[in-house]
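Participant: what's the 3D shape of this:
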Amino acid sequence: MDITQDKMLRIATDRRLKAVDIRILIYLISSDTSEFNQQELADLLDVTRENLNRSIQKLKSLGYLILTKSNAHLNNFEDYIKIPCIDRATNQEIEIRRKLKSNKMKYKTNLDIVTEMKLEEVMELCNIDVKSSKNKFILEDDADIDLNEDEEVSLDYIPFCIVRKRTDLFDLFDLYKSYNQKIHSIYIDDELIDSPIPIDDILLFLSCTELFRGLKNNRILDIISNFRIKYLDLMIAYYMNNTNILDKDFFIRYNEINKEFIRNREINISHIMQVLGYLNRETSRVISRFKSTLVNHNIPVKEKYTFIECLDIIKKVNEYEFLKDAVFNLELKDLEDIYVNN
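Facilitator: As a prediction, the model looks like this:
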C-alpha cells in the first residue's frame, strides 16, 4: 500500500493510538497480504493474543482497518449477522444479532479519515480499551433458537427463539433521539436507527449525555462517560488537527451545551503550560520558571486549576501566544463570552 508522508505523520501523531496499535497498523500497511492467523501474528509481533485482538478492534473502530472477509457466511463485510426469528415471548418477528467467529480475518488498511458512523459503530468505539464486559456496550443478542419437535425447517423457515437479553443499540438510539429533541429540536424516526451520522454530531452527542442522567439508562450513560473521560479530547484533537469538520460554530455550541460541566473541569498545570507555548515542560527549570511567572501575576501556584481559573491565567500571562487545542478550542474572547461574561 502506498502511503504519503502526510498520512504517516497523521498516524504517528494520533494520540488515540498506543504503541502496540501503531506497530500492528504499520505491519498491516507494509504486509503483502492482509490475511493472517491471529496467533501467528501475535507471536511475530511479540504481543499477547488478547492485546492483538483489542488493537485490531480499536483500529477497526477508529477507521484504520476495514474487514473484507471473515468466513463463508459473512455478508456486507460486517462482524455480525442478523438472523430473522419469532420471539416466543411476544410472538413478534425480530432479528437476532450474532457475532461471527473466525480464526482468520482479512482486513484492508484504510487511511481515509472517518467522517460518519452508524450507532453500532459508535458502540464499538466506546468499547475500545475497556477490559470488563460489564462496562461495555452489548453488541450481541443473548438468545437461543428454540424449536419444538413438530416444527420443521422449510424454504421460508424463520426459527423460533427465546431472548434473554437484547443488544444496547435500542437504548442508545433512544438516548440519541432524546439528544436530538433537546439539542436540535428535531424528531428522529425509528427507521433511521441504522443511518450514518456525521462525526461532528457524534462528538457533540457523546459530549453531553450527562444532561440525561436520571432520565435514561444509567448503565449506558456510564459507558459513554468512561469513553468521554479517556478519549473525547483525543477524538476532538484528531479532527481539529486533520480536518475542517469542527468549525467555530461547532465549538461555540459544544461549549454552550457543556458549559456547566466544563467550567469546573480541573486542568493539570502541564496542560496550561502547553497551551501557553512552553517547551520542555517536564524539566524542573521550565516548571520553576512558569511557577515564578504565576507568582509575579499574583496567581496562586497549584497542580490543577479549574477551567475558569485557566482562562484568567491565559489572559494575565500570555494571551497572544495562546495555542488552541481540544480543551481550549476557541479564541480567548469567545471563551470568556461563554464562561465569564454570561
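Participant: quick one: the strands in the chain?
Facilitator: 35-37, 65-69, 80-87, 92-99, 104-109, 116-117, 142-145, 160-165, 197-198, 266-268, 304-306 (DSSP state E).
Participant: Make JSON lines from those and add mean neighbour count and mean pLDDT to it.
Facilitator: All C-beta spots, glycine's among them, are computed from the backbone N, C-alpha and C. Shown next, in JSON lines, are those (neighbours: other Cβ atoms under 10 Å; pLDDT from 0 to 100):
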{"stretch": "strand 35-37", "mean neighbour count": "14", "mean pLDDT": "68"}
{"stretch": "strand 65-69", "mean neighbour count": "16", "mean pLDDT": "77"}
{"stretch": "strand 80-87", "mean neighbour count": "16", "mean pLDDT": "84"}
{"stretch": "strand 92-99", "mean neighbour count": "14", "mean pLDDT": "85"}
{"stretch": "strand 104-109", "mean neighbour count": "17", "mean pLDDT": "72"}
{"stretch": "strand 116-117", "mean neighbour count": "16", "mean pLDDT": "96"}
{"stretch": "strand 142-145", "mean neighbour count": "14", "mean pLDDT": "85"}
{"stretch": "strand 160-165", "mean neighbour count": "14", "mean pLDDT": "87"}
{"stretch": "strand 197-198", "mean neighbour count": "14", "mean pLDDT": "96"}
{"stretch": "strand 266-268", "mean neighbour count": "14", "mean pLDDT": "95"}
{"stretch": "strand 304-306", "mean neighbour count": "17", "mean pLDDT": "96"}
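Participant: Just put those strands in JSON lines and tack on distance to residue 252.
Facilitator: Formatted as JSON lines, the strands of the chain follow (distance: least, Cβ to Cβ, whole Å):
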{"stretch": "strand 35-37", "distance to residue 252": "46"}
{"stretch": "strand 65-69", "distance to residue 252": "34"}
{"stretch": "strand 80-87", "distance to residue 252": "38"}
{"stretch": "strand 92-99", "distance to residue 252": "38"}
{"stretch": "strand 104-109", "distance to residue 252": "36"}
{"stretch": "strand 116-117", "distance to residue 252": "22"}
{"stretch": "strand 142-145", "distance to residue 252": "43"}
{"stretch": "strand 160-165", "distance to residue 252": "41"}
{"stretch": "strand 197-198", "distance to residue 252": "17"}
{"stretch": "strand 266-268", "distance to residue 252": "20"}
{"stretch": "strand 304-306", "distance to residue 252": "21"}
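Participant: next one: stretch 40-54 to chain centre, how far?
Facilitator: 23 Å (Cα atoms, centre = their mean, to the nearest Å).
Participant: for the stretch 201-342 of the chain, what spans make up the helices?
Facilitator: Taking DSSP state H, counting those that start in this stretch as the criterion, the stretch 201-342 of the chain contains helices spanning 218-227, 233-242, 248-257, 259-262, 269-275, 284-296, 307-318, 332-339.
Participant: now swap in the stretch 1-150 of the chain and tell me
Facilitator: Using DSSP H, counting those that start in this stretch, helices in the stretch 1-150 of the chain cover 5-12, 19-30, 38-45, 49-61, 119-126.
Participant: Kindly compare burial across those helices and name the winner.
Facilitator: Of all the helices of the stretch 1-150 of the chain, helix 119-126 carries the top mean neighbour count, a mean of 21, counting by mean count of other Cβ atoms under 10 Å.
Participant: Report the angle between it and helix 218-227.
Facilitator: When axes from the mean of the first three to the mean of the last three Cα atoms, to 10 degrees is applied, the directions of helix 119-126 and helix 218-227 differ by 60 degrees.
Participant: Using CSV, list the CA coordinates for helix 119-126.
Facilitator: Provided in CSV are the C-alpha atoms of helix 119-126 (Å, rounded to 0.1, in the frame of the first residue of the first chain):
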residue,chain,number,x,y,z
LEU,A,119,-24.8,3.9,16.1
GLU,A,120,-23.5,0.3,16.1
GLU,A,121,-20.0,1.7,15.2
VAL,A,122,-20.4,4.3,18.0
MET,A,123,-21.0,1.4,20.4
GLU,A,124,-17.8,-0.3,19.2
LEU,A,125,-15.9,3.0,19.5
CYS,A,126,-17.0,3.4,23.1
